[in-house]
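Novice: Task: produce atomic coordinates for the following.
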Amino acid sequence: MPDIVLDRFHSGAWHIAPGRGDTSAAPEEKYLGHLADLAEVLGEHLGEVAIRSIDASWEGDALDGADLLVLTLPTADEPPLTAGDLALLRGHLAAGRNLLVLGDSAIDTAPFPLSDLVPGLVLDPDFVSVRQEPPTSHLLTYSVSADVLPGHPVTEGVEELYFHRARGLTVTGSAVTGIAARDGRILAAAGDVGAGRIVVVGGGELFALPFLGRADNARFLLNTLTWLLTGQCAPGSSELAKTVTHERCFSVRSFPPEEDLAKIEGSHVVDARPYRSLLERIGGGALPDPYRDQAAFLVEAELRFDEIPRVIREAVATFRHRSNDYEGLLVRGLPVDAELPVTPADPGLRVDKPTWLSELWLAGFASALGFPLAYLQEKHGLLFQNVAPTAHNAANLSSESSAILLDFHTETAFHPHMPDFLMLHCLRSDHDGIAKTILASVRMALPHLSLADRCELFLPQFRTGVDYSFGSANGVQGNGPTLPVLYGNPYDPYMTFDLDLMVGETPHAQQALESLRSAVNKVQRWVRLSPGDLLIVNNRRAVHARSEFPARFDGRDRWLQRVCLVSDPVPSAADRRGSGRVVETAFAV
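Specialist: Residues are numbered from 1 along each chain as shown. The predicted structure follows:
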């Protein structure tokens, strides 16, 4: 049985399976978990393949039994390869065993003297980079496409590779030859050293899950592993690569099966009910009118939020900095206004209440999260927006609907100044207590997407629609901007998605959207909001929805208040009049 060994002592960048290392940082970690999965695929023509790791310093027999060692070069903060380690590596190759060397992705790491291992081979100190689009840009990117140099089994059927944060290789000896290059700089090399075989790649991230589906990376990995283990190209590697990228999903993490967020233990729920007496005192006393003297009210709310118990403030601060798997924070049981008027028949108008507790909680929590703002076309520019069912919008794609499912969407996905956070505060539940506010997070959905779908979703080839309340005809798709669905950190991306109003511009893009539709429905979690509950949604990392529910239009229907926030007020400043908080961006629909 071929034995693949992953060295995790000198570098902790890669994992065989989830749950290794610092689990608190797991959502942002890179996994080599697909190597363990690929062992099953490779086993179809190589026989059974075993994968294990070395997690301790190398002793004299550390590499014994390793048919293939996967070695990621250490960063400056990790244990260096010692002279003894290099001697073991040379012995490993001399004994006819094989080695895959991956460059690290840390920008401040000194070049490793690969010539101590392979004569005439040097890992360059700098990353290979190209100008960002457009070509005249002054910015550089470390994501580059490389041409493949033919004539080696590893490059059989491979035409293009996509590298992320890869160093160049300088090859002057005859032991290895370049097999991939960009603008004359070699990015990967392979050859026979001693009785063994070696492949050196300037950056190992082309094999990581976000990038394995790009270009011919999957086939290159299959070829590489097969050649290192057998000396031949992977038979049928085209079909294997297609299976890996188009059909296989890599579920590197697991989540509780419970769907009710309130019943799942974790930092995503904080209970305010034990502090009710203190919170009532904080909310008592006179307050400025939040509608007529908004600036003074927001200052007072921020000051009073500082008096809220630390456990609640800590939960909010942690959510702002690190979020969580569900991309939502549920604060349960805040005090409610004692004399609540009827549910507004016209949610677009302000409601006079004897007290302003709901607005106080919204403004106070907003002060800890960012900059609250409103949109001119949404509820006439109210900062504290009422969300309640209306008879004339019962079946429209609107927050005022009740008879239909308001399906998964990013809040104002089409808007150049869309919110980073969305807050929903429940003043009154629906009559039957069945309305669900539903979340689906990108972190939970990603493992249900194939690598090919993930690649498509990162491309700017999706047109979203402008919302009904912003002047668009109900249900019109694709009359908004073109954008990517996934963006940002490839390992822990942001997501913009509107299931009802977004379309892909190509058949592959539309297929990826359908796959995402399926994924978010698989991972949905929900909560039935009760009076006093406050739900904070990370609008950049989660889509939300609302189930249908019976509305009676009797003044006692479900009533929420909503506030939108951005982390940075500067981008929207030009679209806000004076120092106000109402965004007045206009749309042609």
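Novice: Contacts for stretch 301-315 next, please.
Specialist: For stretch 301-315, contacts defined as Cβ atoms under 8 Å, 6 or more residues apart in numbering pick out 267, 270, 272, 275, 278-279, 282-283, 329, 331, 359-360, 363-368. Heads up, the C-betas are built off the backbone N, CA and C, glycines and all.
Novice: who does whatever helix or strand residue 4 lives in touch, helix- and strand-wise?
Specialist: Remark: residue 4 resides in strand 3-7, with elements defined by DSSP states H and E. Here strand 3-7 touches helix 33-46, strand 50-54, strand 68-72, going by 3 or more Cβ pairs under 8 Å, 6 or more residues apart in numbering; DSSP states H and E.
Novice: Of all those, which one is nearest residue 133?
Specialist: Closest to residue 133 of those is helix 33-46 (Cβ to Cβ; 28.8 Å).
Novice: Tell me which other helices or strands that closest one touches.
Specialist: strand 3-7, strand 50-54, helix 209-212, helix 217-230.
Novice: Could you dump those into CSV and include mean pLDDT?
Specialist: Listed next are the helices and strands packed on helix 33-46 as CSV, based on pLDDT from 0 to 100:
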stretch, mean pLDDT
strand 3-7, 91
strand 50-54, 88
helix 209-212, 87
helix 217-230, 93
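Novice: right, and the ones you listed - which one's nearest residue 113?
Specialist: strand 3-7 (17.6 Å).
Novice: got any ranges where the stretch 51-200 of the chain has weak pLDDT?
Specialist: The model of the stretch 51-200 of the chain has pLDDT under 70 over residues 108-111.
Novice: At which residues are the strands of it located?
Specialist: Along the stretch 51-200 of the chain, the segments classed as strands by DSSP state E, counting those that start in this stretch run 68-72, 98-102, 121-127, 130-131, 140-141, 143-148, 160-164, 167-171, 176-182, 185-193, 196-201.
Novice: Nearest to residue 113, out of those?
Specialist: It's strand 121-127; of these, that one is closest to residue 113 (Cβ to Cβ) at 7.2 Å.
Novice: Quick check: neighbours of that closest one in the sheet, parallel or antiparallel?
Specialist: strand 167-171 (antiparallel) (DSSP bridges).
Novice: how about residue 245, secondary structure?
Specialist: Of the three states, residue 245 takes helix under DSSP: H, G, I helix; E, B strand; the rest coil.
Novice: Residue numbering should commence at 56 henceforth.
Specialist: Yes, from this point I'll number from 56; that puts the last item at residue 300.
Novice: Could you measure from it over to residue 247?
Specialist: Distance, residue 300 to residue 247, by Cβ to Cβ, to the nearest Å: 30 Å.
Novice: More neighbours: which of those two?
Specialist: With neighbours defined as other Cβ atoms under 10 Å, residue 300 and residue 247 compare such that residue 300 has more, 21 against 13.
Novice: Assess the claim that the more buried one and residue 507 are in contact.
Specialist: Yes: assessed by Cβ atoms under 8 Å, residue 300 is found in contact with residue 507 at 4.5 Å.
Novice: shared neighbours, these two?
Specialist: Counting by Cβ under 8 Å, 6+ apart, the contacts common to residue 300 and residue 507 are residue 268.
Novice: what bits of this structure have low per-residue confidence?
Specialist: For the chain, applying pLDDT under 70 flags the ranges 72-89, 91, 163-166, 306-308, 529-530.
Novice: For it, just list every one of the helices.
Specialist: For the chain, helices defined by DSSP state H occupy the ranges 88-101, 138-149, 264-267, 272-285, 292-297, 331-338, 349-360, 365-377, 412-424, 497-500, 506-512, 562-577.
Novice: Out of those, the one nearest residue 609 is which?
Specialist: Closest among the helices of the chain, using Cβ to Cβ: helix 412-424, at 20.7 Å.
Novice: so residue 272 touches residue 215, yeah?
Specialist: No: counting by Cβ under 8 Å, residue 272 stays clear of residue 215, with 9.1 Å between them.
Novice: out of those two, which sits in the busier spot?
Specialist: residue 272 (26 against 14).
Novice: Can you name the residues that contact the more buried one?
Specialist: So residue 272 contacts 216-217, 261-262, 266 (Cβ under 8 Å, 6+ apart).
Novice: As a markdown table, the residues you listed with distance to residue 567 would be great.
Specialist: Shown next, in a markdown table, are these (distance: Cβ to Cβ, whole Å):
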| residue | distance to residue 567 |
| --- | --- |
| 216 | 22 |
| 217 | 17 |
| 261 | 21 |
| 262 | 21 |
| 266 | 16 |
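Novice: would CSV of the residues you listed with distance to residue 497 and neighbour count be doable?
Specialist: Output for those, formatted as CSV (distance: Cβ to Cβ, whole Å; neighbours: other Cβ atoms under 10 Å):
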residue, distance to residue 497, neighbour count
216, 26, 27
217, 21, 20
261, 22, 28
262, 22, 24
266, 17, 26
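Novice: So which of the residues you listed is the closest to residue 576?
Specialist: Checking these against residue 576 with Cβ to Cβ, the nearest one is residue 266 at 26.5 Å.
Novice: Now the closest one: closest residue in space, sequence neighbours ignored.
Specialist: Excluding the flanking residues, the one nearest residue 266 by Cβ to Cβ, 6 or more residues apart in numbering is residue 219, at 5.4 Å.
Novice: between the strands of the stretch 106-255 of the chain, which one is nearest to residue 566?
Specialist: Nearest to residue 566, of all the strands of the stretch 106-255 of the chain, is strand 215-219, at 20.2 Å by Cβ to Cβ.
Novice: So what touches stretch 498-506?
Specialist: The contact list for stretch 498-506 (Cβ under 8 Å, 6+ apart) reads 82, 264, 267-268, 273, 299-308, 310, 380-382, 509, 512, 547-548, 550, 567, 570-571, 573-575, 577-578, 596.
Novice: are any of these buried, and which?
Specialist: For the contacts of stretch 498-506, a neighbour count by 16 or more other Cβ atoms under 10 Å gives the buried set as 82, 264, 267-268, 273, 299-300, 303-305, 307-308, 380-382, 509, 512, 547-548, 550, 567, 570-571, 574-575, 578, 596.
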